[in-house]
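> With the input below, show me the fold.
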Amino acid sequence: MYNQSDDFHSSSKNPVQCQHGWDYDDTWFSLTVPSQMSWVCDNRHVTNDVLFYAQNIGVALGLLFGYIGDRWFPESPRWLACRGREEDALRLLKRIATTNGGQLPPYARQVMRNVGKAQRDRKGFLSLFSSWNVFKNTVLLITARSTHLLTLQSIVMMSGGVGVNPFLSVAAQGAIQLPAYCVVHFTAACFGRCWSAVGSALLSGIAAAAVSFMLTANFSGLAITLMMVITQFFRTGTNGMANLQSVEVHHTCLRQIAACVEWTAAGVVMSALPYVALMELILDRQEREQRERDREQREKDRDKFLSELKTDMTT
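Numbers count the residues shown, from 1 in each chain. Next comes the predicted model:
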């Protein structure tokens, strides 16, 4: 709490202790952990501690599952060829070609043999710029991941403003992600990577546009929430295809470097979301503050004028 009894625009606001308890918003739930354990006033640090440990545990689990996931992914054909495992590389290439509905060209064995003789296995960040195709694919994956994060966070931030229980809305959006990954795995295996990636991105864009239209057209909160869940379904499919393509496009020694670069760039793009999403609130606040300053200035001018007029009448 801050003492605002002094000048409204004072840059120094002195914090004061809670004096009359705390009123909780029980619109959706009457009993919550913060309300039951009073995570406010002198105990407000508990909320920060919970968020801190939750985020760090999430990062640790992400690293752990990422390491476990890498153990299950096949090595890249180029990496296998550079280590003299030509037959394994050809076997993997045949499986990839079969999955995408094609056939392995007759010169594939010679290409693998040439790669194995070259013994060049580029490593490090600069290997992302080793060829135009690698750089182009990395930029496309950064774009896909940035769109994924922006859409995800935008819909989550809107969940509390459509008149539906925000907790249930976010829970539904989270629950739809597992079926979405299963569906995108099936479509990628049956229809190929290209059509699955383009289709999921296109449907996600259409669903997001529908949400925007429904917000401006004053649709019911339940209908908007349902469309938001559908948007999350297709958005999750887009991210699943980006993950799959990132693994297949980059060779083994470049996968984690490329993934770090992609997510870092996407995170930088996502950092602009709160400013964009809350820009209207910031502008409204600045407008109110400007009106308040104008009102105070008018009152000062009026008092000054009345004081001067009184002085003139006295003399």
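> quick one: His45 and Phe52, what's the gap?
Going from His45 to Phe52 by C-beta to C-beta, to the nearest Å gives 10 Å. From N, CA and C alone the C-beta is placed, and that goes for glycine too.
> So in this protein, which helix runs the longest?
When the chain is parsed with DSSP state H, its longest helix is helix 279-314.
> Next, give phi and psi for Leu31.
Dihedral pair for Leu31: phi -120, psi 120, per degrees, to the nearest 10.
> picking that back up, common neighbours of His45 and Phe52, please.
Contact criterion C-beta atoms under 8 Å, 6 or more residues apart in numbering; no residue bridges His45 and Phe52 by contacting each.
> so how far is the longest helix of the chain off the chain centroid?
Mean C-alpha position of helix 279-314 versus that of the full chain (C-alpha atoms, centre = their mean, to the nearest Å) differs by 43 Å.
> for stretch 256-269, same thing?
What separates the centre of stretch 256-269 from the centre of its chain is 12 Å, taken as C-alpha atoms, centre = their mean.
> likewise stretch 158-172?
How far stretch 158-172 lies from its chain's middle: 17 Å, per C-alpha atoms, centre = their mean.
> What residues sit buried inside it?
Along stretch 158-172, these residues count as buried under the neighbour rule (16 or more other C-beta atoms under 10 Å): Met158, Ser159, Val162, Val164, Asn165, Pro166, Ser169, Val170, Ala172.
> which residues touch the fifth one?
Read it as Asn165. Asn165 makes contacts with Trp28, as judged by C-beta under 8 Å, 6+ apart.
> so what's it scoring on pLDDT?
For Asn165, the pLDDT comes out at 83.
> same thing with the second one?
At Ser159 the predicted local confidence, pLDDT, stands at 75.
> Check the last one too.
In the prediction, the pLDDT value recorded for Ala172 is 89.
> and it, what does it touch?
Residues near Ala172 by C-beta under 8 Å, 6+ apart: Thr225, Val229.
> The third one now?
Each residue near Val162 by C-beta under 8 Å, 6+ apart is listed here: Ser169, Leu215, Gly221, Ile224, Thr225, Met228.
> Touching, the second one and Ile224? I think so.
Yes - between Leu215 and Ile224 there is a contact under C-beta atoms under 8 Å: 6.5 Å.
> more crowded one of the two?
Remark: of Leu215 and Ile224, Ile224 carries more neighbours, 23 against 15, as counted by other C-beta atoms under 10 Å.
> Where does Ile230 fall, secondary structure wise?
Per DSSP states H and E: Ile230 is located in helix 221-249.
> Against which helices or strands is the helix or strand following that helix packed?
Using DSSP H and E, the helix or strand that follows helix 221-249 in sequence is helix 255-270. Other elements packing on helix 255-270 under the criterion 3 or more C-beta pairs under 8 Å, 6 or more residues apart in numbering; DSSP states H and E are helix 45-72, helix 132-158, helix 221-249.
> nearest to Glu299, of the ones you listed?
Of all these, helix 132-158 sits nearest to Glu299, with 38.3 Å by C-beta to C-beta.
> Report the angle between the closest one and helix 221-249.
On the basis of axes from the mean of the first three to the mean of the last three C-alpha atoms, to 10 degrees, helix 132-158 is oriented at 160 degrees to helix 221-249.
> Quick check: phi and psi on the nearest residue to Ala189 once chain neighbours are set aside?
Once flanking residues are discounted, Ala189 sits nearest to Thr99: 6.1 Å by C-beta to C-beta, 6 or more residues apart in numbering. Note on Thr99: backbone dihedrals following degrees, to the nearest 10 are phi -60, psi -40.
> Same question for the one 3 residues further on.
Listed backbone geometry of Gly102 is phi -120, psi -170, with angles given as degrees, to the nearest 10.
> same check, this time on Gly163
Torsion angles, degrees, to the nearest 10, at Gly163: phi 80, psi 10.
> what's the answer for Ser271, then?
Ser271 has phi and psi values of phi -60, psi -20 when expressed as degrees, to the nearest 10.
> Quick check, pLDDT for it.
79.
> Please apply the same query to Gln17.
Per-residue pLDDT puts Gln17 at 67.
> and what of Leu149?
84.
> residue contacts, it?
Neighbouring residues of Leu149 by C-beta under 8 Å, 6+ apart: Ala266, Gly267, Val269, Met270, Leu273.
> Return the closest of the contacts of Val162 with respect to Gly192.
Comparing the contacts of Val162 against Gly192 with C-beta to C-beta places Met228 closest, at 28.9 Å.
> OK, contacts around the closest residue to that closest one other than its chain neighbours?
Nearest-residue entry for Met228: Ile155, 5.0 Å, with adjacent residues in sequence omitted and distances by C-beta to C-beta, 6+ apart. Counting by C-beta under 8 Å, 6+ apart, Ile155 touches Gln173, Val211, Met228, Thr231, Gln232, Arg235.
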